[in-house]
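need a 3D model of the sequence below.
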Amino acid sequence: MANAPPSSAKRATSRAAASHSSLPLVSAVDQVDTSYLQTLLGYNARRAALTIIEGFLERMAEFGLRPVDFSVMSVIQHNPGVTSRQLCAALNLLPPNLVGLVQSLEARGLIHRQPHPTDGRAVGLHPTPEGAALMQKAEQAAADLEVDRSARLTAAQRKTLLELLQKIYL
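Numbers count the residues shown, from 1 in each chain. Okay, here's the model as predicted:
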């Protein structure tokens, strides 16, 4: 009996075995029910976003742009002279996160800074010709992707979906 476990270990093993034997039999699931999750806005928004973002990452890699780079460049492209403060407010970014991003885009030759015409303390961000050309192509790729990934929607449904989503965060 030198190899026998101590009596407390025997009792624990016996309790574990007893608890397993009292569990109901479990059957396999043939089809997963996600009907509750499908009632949640967050779940559906996340699933839709994942469907689009995967392709977006692939297409933007060609331009060396991450989603946040794309968003910042798009705002600068459509608002030459926008300030960092305005960018942060428009895109819900923290100022410390934007500093490095702006430096990186400037180092790549995609944007340049110019003094703000009315606020001597502010600096406006402008696309360079290279940055503007890049964004023209990147925005077209993004638009094409969204058309591809939302092909099951009519144009009116897509417009309605965009309006409804914007009511949540704007």
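
the helices in the protein, which residues?
Read by DSSP state H, the chain holds these helices, from start to end of the chain: 7-21, 41-61, 67-78, 84-91, 95-107, 129-149, 155-169.

most packed of those?
Among the helices of the chain, helix 67-78 has the highest mean neighbour count (mean count of other CB atoms under 10 Å), at a mean of 18. Every residue, glycine included, has its C-beta placed from N, CA and C.

how about low-confidence regions in this structure?
Judged by pLDDT under 70, the chain has its weakly predicted residues at 1-21.

if you set the cut-off to 50 instead, what comes out?
Across the chain, residues meeting the criterion (pLDDT under 50) sit at 1.

residues in contact with Gln77?
Pro127, Gly131, Ala132, Met135, Glu139 (CB atoms under 8 Å, 6 or more residues apart in numbering).

so which of those residues is the closest to Arg59?
The nearest member of the contacts of Gln77 to Arg59, counting by CB to CB, is Glu139 at 10.9 Å.

once you drop chain neighbours, what's closest to the closest one?
Closest residue to Glu139 in three dimensions, ignoring its sequence neighbours and counting by CB to CB, 6 or more residues apart in numbering: Ser74, at 6.5 Å.

quick revisit: dump the contacts of Gln77 to JSON lines, plus distance to Ala156.
JSON lines is the format used below for the contacts of Gln77 (distance: CB to CB, whole Å):
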{"residue": "Pro127", "distance to Ala156": "33"}
{"residue": "Gly131", "distance to Ala156": "34"}
{"residue": "Ala132", "distance to Ala156": "32"}
{"residue": "Met135", "distance to Ala156": "28"}
{"residue": "Glu139", "distance to Ala156": "23"}
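
which of those residues lies closest to Arg66?
With CB to CB as the yardstick, the closest approach to Arg66 among the contacts of Gln77 comes from Met135, at 14.0 Å.
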